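In: I need the structure of the sequence given here:
(one chain, ligands or ions: 1)
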Amino acid sequence: MGAFAVQIAKACGATVTGVGSGKHRDFAISIGASEFINYEQQDFAELDQRWDVVFDAAGKSSYGEAKHVLKSGGSYVSTEPSLRGLFMPLATLPLERRGKVMLARPRGDDLRELMQLYAAENLHACVERVFPLEEAAEAHRWIEAQGFCGKLVLKVGS
Ligand SMILES: NC(=O)c1ccc[n+]([C@@H]2O[C@H](COP(=O)([O-])OP(=O)(O)OC[C@H]3O[C@@H](n4cnc5c(N)ncnc54)[C@H](OP(=O)(O)O)[C@@H]3O)[C@@H](O)[C@H]2O)c1
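Out: Numbering: from 1, shown residues only. Next comes the predicted model:
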């Protein structure tokens with residue numbers, strides 16, 4: 001999800017700081033991040049830098065941590081539909097720095113917008129590997145092991 005978030009934010013005119021493990025620095029820069037923070041060496045929530053939006057596409061942070069690096073009027077966006085996450089928008093409503101939860105919903109207008117970004121070559125689906133359907137179990141093992149960029153594709157037929 002993070003790879004799409006970086007590209008969409010960049011296409012919308014944002015300056016993006018990517019967060020990931022060190023081996024993914026070049027990948028994040030190649031898809032549009034201007035800066036990169038290696039979470040193995042540095043905690044973004046402890047930096048002096050300030051951002052308008054912290055978008056957690058990995059479900060690894062919290063509003064409590066991220067609020068320290070949000071600019072006034074900024075937002076923390078979680079993609080984790082946890083119980084705590086569901087209370088966050090209400091609990092932070094009166095605050096200067098808000099917390100929100102983003103849940104993906106299939107909507108035609110959104111998909112059309114993504115298609116336009118794709119046609120304009122501003123959005124790429126990064127495919128790590130294509131598996132024949134009969135190797136679906138191996139593809140699942142890859143997903144469980146993690147550590148790769150982008151998507152795995154299952155190919156049906158020859
Ligand atoms: N809200 C929704 O509608 C929705 C929809 C789909 C998924 N999700 C949630 O979104 C999350 C990501 O899904 P995904 O399919 O994109 O998973 P994914 O392909 O496995 O990607 C997870 C990413 O998290 C990064 N990561 C791991 N530890 C991190 C840390 N401490 N700080 C920053 N980044 C870290 C990994 O980077 P490295 O490989 O470099 O370590 C990896 O790129 C999941 O938690 C899933 O539950 C939400």
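In: for the ligand, what are the nearby residues on the protein?
Out: With Cβ under 6 Å from any ligand atom as the criterion, the chain meets the ligand at residues 1-2, 19-21, 24, 39, 57-60, 79-81, 102-104, 146-147. Yep, even glycine has a C-beta here, placed from its N, CA and C like the rest.
In: Which of these fall within strands?
Out: Using DSSP state E, Val19, Gly20 are the members of those that sit in strands.
In: Only the buried subset of the residues of the chain next to the ligand, as a PyMOL command please.
Out: Per 16 or more other Cβ atoms under 10 Å, the buried members of the residues of the chain next to the ligand correspond to this PyMOL selection:
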select buried, resi 2+19+20+24+57+79+80+102
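In: now, which of the residues of the chain next to the ligand lie within helices?
Out: Cross-referencing the residues of the chain next to the ligand against helices under DSSP state H gives Gly2.
In: Please parse the chain into its domains.
Out: Domain assignment for the chain, taken from automatic domain parsing, gives 2-124, 126-158.
In: Quickly compare those domains and say which is most buried.
Out: domain 2-124 (a mean of 15; mean count of other Cβ atoms under 10 Å).
In: how long is that domain end to end?
Out: 12 Å (Cα to Cα, to the nearest Å).
In: Which stretches in the chain count as strands?
Out: Using DSSP E, strands in the chain cover 17-20, 35-38, 51-56, 70-78, 98-101, 127-132, 151-155.
In: any idea of the mean pLDDT in the longest one?
Out: Along strand 70-78, the predicted confidence averages to a pLDDT of 97.
In: ok, back up a step: could you dump the strands of the chain into TSV and include distance to Gly85?
Out: Below are those laid out as TSV (distance: least, Cβ to Cβ, whole Å):
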stretch	distance to Gly85
strand 17-20	19
strand 35-38	22
strand 51-56	10
strand 70-78	5
strand 98-101	5
strand 127-132	28
strand 151-155	25
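In: Identify the single longest helix in this protein, thanks.
Out: What stands out as the longest helix in the chain, according to DSSP H, is helix 108-119.
In: Dump that helix to CSV, keeping only the CA atoms.
Out: The C-alpha trace of helix 108-119 is given here as CSV (Å, rounded to 0.1, in the frame of the first residue of the first chain):
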residue,chain,number,x,y,z
GLY,A,108,-15.7,4.1,-9.6
ASP,A,109,-14.7,7.7,-9.4
ASP,A,110,-11.5,6.8,-7.4
LEU,A,111,-10.6,4.0,-9.8
ARG,A,112,-11.1,6.4,-12.8
GLU,A,113,-8.8,8.9,-11.2
LEU,A,114,-6.2,6.1,-10.6
MET,A,115,-6.6,5.1,-14.3
GLN,A,116,-5.8,8.7,-15.3
LEU,A,117,-2.7,8.7,-13.1
TYR,A,118,-1.7,5.4,-14.7
ALA,A,119,-2.3,6.6,-18.2
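In: Fine by me, we can end here.
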